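> Okay, here's the prediction I keep looking at, along with the sequence it came from:
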Amino acid sequence: MDQETGARPTGSGTGSGRRRRGGTGQDKPSTIRDVAAKAGVSVATVSRALAGNYPVSGDTRARVMAAVESLHYVVNVHAKALSGRVAGPIGLVIQDITGPSLAHVAAGVEQEAATHGRLSLVCATHGDSDREDDLVQLMREQHAAAVVLVGGAVPGEAYHRRMAQYATALDAAGSRLVLCGRPPLPEGLPVTVVHYDNKGGAFQAADHLLTAGHRRILFLGGEPLQSSSEERRAGYRQALRAHDVPYAEELDLSGSYTRGSGYQRTRDVLRAGLDFTAVFAGTDMVAVGALAALREAGLDVPGEVSVVGFDDVPFAADLTPSLTTVRVPYEELGRTAVRLALGRAEQLAGDNHVVLSTQLVIRQSVRRTP
């Protein structure tokens, strides 16, 4: 007799096999009925013991857990998610998980999700929009509590339409779209936006160089039309205007945010004989490439050319010279994305769009001009 429910057990409780044999002789995963039979209780009692939200005696719970371990029984988490009895995971959809800045966003998402007892599902799109569509749909099917999309994008009608479709589909499934470092959407859509002050950070970096007396600043920006690239370019140009320095189109170069791109663009400018006394690199990785090209050309940093980066990745302080750069709170971006998504029921309307501040970190790669 089942001590908890008065029901009779569904099996004899004998046998020690980790899996049960089917008619074909193939091993099959143990079921909740197998656990109930081995523990000598009802299926309902096993369910209550595993859920942990119903009163079950210590002795009965111990027998159930011993049977679970013996049979290597695995709870069907997907079924529990469908019934609302398990917290949904946090889905993180990111362009590239190997980049140092995006990796820190992922770390923040994982850490904050863990504090809420959630798993994190991390996927990379590699810049493929079709893959992004598929991953968002997959996260929806996995009943993710939130889907965090990270990284810049090209704003416009097509972007707004795709993001609006994501937001409404996820909302209908009880999930939440979070745009992290991406352009916001029009009002009225079920979406949370977590951004950082790209333009302000770029203004600080360029202003620091201009205040040090530099007037010919090579700007190594990102890809044209990308939101983060255009915001940093806008900050750079705003600083030029603030110091009454004419904009030099030949010193404003677009490219990818990679070391190789920073190296090649700096090398091309040096070979073209363009005059400049400072480099504002769109990311620290671009700055590393620029430093290599300057060193190869026999130019001293900061003695002859000053260099500023953007991101403040961990190795920036260990470069020679240590890199002056703009610190972006990438881990806090990830944490804030999860915190707002999970706490959206308590949010005020204005809390659906948060902008975190950036900070100029002054080190040794900038020198005043003579």
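Looks like it came in fine.

> C-alpha only now, for contacts and for neighbours.
Fine.

> Tell me the gap between stretch 271-278 and the middle of its chain.
Relative to the chain's own centre, stretch 271-278 is displaced by 37 Å; criterion: CA atoms, centre = their mean, to the nearest Å.

> mind listing what's buried in that stretch?
276-278 (16 or more other CA atoms under 10 Å).

> what does it rub up against?
209, 214-218, 304-307 (CA atoms under 8 Å, 6 or more residues apart in numbering).

> and it, how far apart are its ends?
16 Å (CA to CA, to the nearest Å).

> Same question for stretch 308-327.
11 Å.

> picking up where we left off before, cross the buried residues of stretch 271-278 against strands and list the overlap.
Within these, residues falling in strands by DSSP state E are A278.

> Using JSON lines, please lay out the buried residues of stretch 271-278 together with distance to D197 and pLDDT.
Below are those laid out as JSON lines (distance: CA to CA, whole Å; pLDDT from 0 to 100):
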{"residue": "F276", "distance to D197": "27", "pLDDT": "98"}
{"residue": "T277", "distance to D197": "26", "pLDDT": "98"}
{"residue": "A278", "distance to D197": "23", "pLDDT": "98"}
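
> Distance to T320 added to the buried residues of stretch 271-278, as a markdown table?
Converted to a markdown table, the buried residues of stretch 271-278 look like this (distance: CA to CA, whole Å):
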| residue | distance to T320 |
| --- | --- |
| F276 | 21 |
| T277 | 18 |
| A278 | 16 |
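
> what's the closest of the buried residues of stretch 271-278 to V56?
A278 (70.7 Å; CA to CA).

> what bridges to the closest one?
I217, S306 (DSSP bridges).

> what's S47 in contact with, if anything?
I32.

> follow-up on the earlier one: of all the contacts of stretch 271-278, which comes closest to L185?
Using CA to CA, the contacts of stretch 271-278 come closest to L185 at L218, 32.7 Å.

> from memory the closest one sits against S254, does it?
No - the pair L218 / S254 is not scored as a contact, 10.9 Å apart, by CA atoms under 8 Å.

> In terms of helices and strands, where is L210?
In this assignment (DSSP states H and E), L210 forms part of helix 198-211.

> tell me which of the contacts of stretch 271-278 is nearest to E112?
Scanning these for proximity to E112, where the rule is CA to CA, the winner is V307, at 34.6 Å.

> Excluding residues flanking it in the chain, which one is nearest the closest one?
V279 (4.7 Å; CA to CA, 6 or more residues apart in numbering).

> Show the pLDDT at that neighbour.
We have a pLDDT of 98 for V279.

> that older thread, dump the contacts of stretch 271-278 into JSON lines; add distance to Q238 as well.
What follows is the contacts of stretch 271-278, written out as JSON lines (distance: CA to CA, whole Å):
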{"residue": "L209", "distance to Q238": "13"}
{"residue": "H214", "distance to Q238": "15"}
{"residue": "R215", "distance to Q238": "14"}
{"residue": "R216", "distance to Q238": "15"}
{"residue": "I217", "distance to Q238": "13"}
{"residue": "L218", "distance to Q238": "15"}
{"residue": "E304", "distance to Q238": "25"}
{"residue": "V305", "distance to Q238": "22"}
{"residue": "S306", "distance to Q238": "20"}
{"residue": "V307", "distance to Q238": "19"}
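
> what ranges do the strands span in this structure?
With DSSP E as the criterion, the chain has strands spanning 20-21, 27-28, 90-94, 120-124, 146-150, 177-180, 191-196, 217-220, 252-253, 278-281, 306-308, 325-327, 353-356, 359-361.

> Give me whichever of those strands is most buried.
Greatest average neighbour count among the strands of the chain goes to strand 306-308 (a mean of 28), per mean count of other CA atoms under 10 Å.

> which helices and strands sit right next to that one?
Judged by 3 or more CA pairs under 8 Å, 6 or more residues apart in numbering; DSSP states H and E, strand 306-308 is in contact with strand 278-281, helix 284-296.

> can you pull the buried residues of the longest one?
In other words, helix 284-296. 284-294.

> Neighbours of D318, how many?
Residue neighbour count, defined by other CA atoms under 10 Å, stands at 9 for D318.
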